[in-house]
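1. have a look at this prediction, sequence included:
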Amino acid sequence: MKARLISHIAVADAVCYISGTVITIWFISDLAPKLLGVDLSAEALKLEKELGFVRQAPGIVSGWRPFELRAFRIGPNSPLIGCTVAECEARAAGERMFAALREAGIGLFLGGIVVTTTPMIVGLFFGRYVLKMNPLLLLGGLAGAMTMTAAMAAVQVRSNSPVAVLGFTPAVPFGHILLTTWGTVIVGVIAG
């Protein structure tokens, strides 16, 4: 049993990452504002006013952009030349991942969803109602704690403002440190 669990660590991590990415972006940019009953654009304008942020100040340019494009270089002898994105992904760990999901069952996938959403839900309500945080800074902080830059970008797009990064920036280093440290601890505990 122990060997089987250890053999699934990489697959469980991949499944949690994939589902976690989608769930985190959706939760932080769409569901969380609805749960809090806030309009992100209105909150952004209010926070910008409180902070003295002027959108049209001469000489000040924000690094925030609503869209981003990434490109990757493939080596001249790569076996991926001429393949579609789907074919490239299929050549990776796809077969192993689905085999492990079949062996471990849907519980692996559902466990990833629970592990991803629980801290966000607790953090959302604790931050808003106990710490009385500004919703935009809170959502940026949640994205940082989840080490999910894409979720912060989604909040920026939804709010039409770059100020969510003020919550993201202090939280993301802690998220990375805890992810690295506790990931090692958990693997060590499972491996015995």
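-> Sure thing, it's come through.
2. could you find the residue nearest the spatial middle of this structure?
-> Met148 (2.9 Å; CA atoms, centre = their mean).
3. can you tell me how far that one is from Ala42?
-> Distance, Met148 to Ala42, using CB to CB, to the nearest Å: 24 Å. Just so you know, the C-beta spots here come from the backbone N, C-alpha and C atoms, and that holds for glycine as well.
4. re the thing from before, separation between the residue nearest to the centre of the chain and Thr84?
-> On the measure of CB to CB, Met148 and Thr84 end up 27 Å apart.
5. thought Met148 was touching Thr21?
-> Yes. At 6.8 Å, Met148 counts as touching Thr21 under the criterion of CB atoms under 8 Å.
6. what values do phi and psi take at the residue nearest to the centre of the chain?
-> Torsion angles at Met148 (phi, psi; degrees, to the nearest 10) stand at phi -120, psi 90.
7. nearest residue to it other than its sequence neighbours?
-> Of all residues not flanking Met148 in the chain, Thr24 sits nearest, at 4.7 Å (CB to CB, 6 or more residues apart in numbering).
8. the one you found and Val115 touch, don't they?
-> No. Using CB under 8 Å as the test, Thr24 is too far from Val115 to be in contact (11.5 Å).
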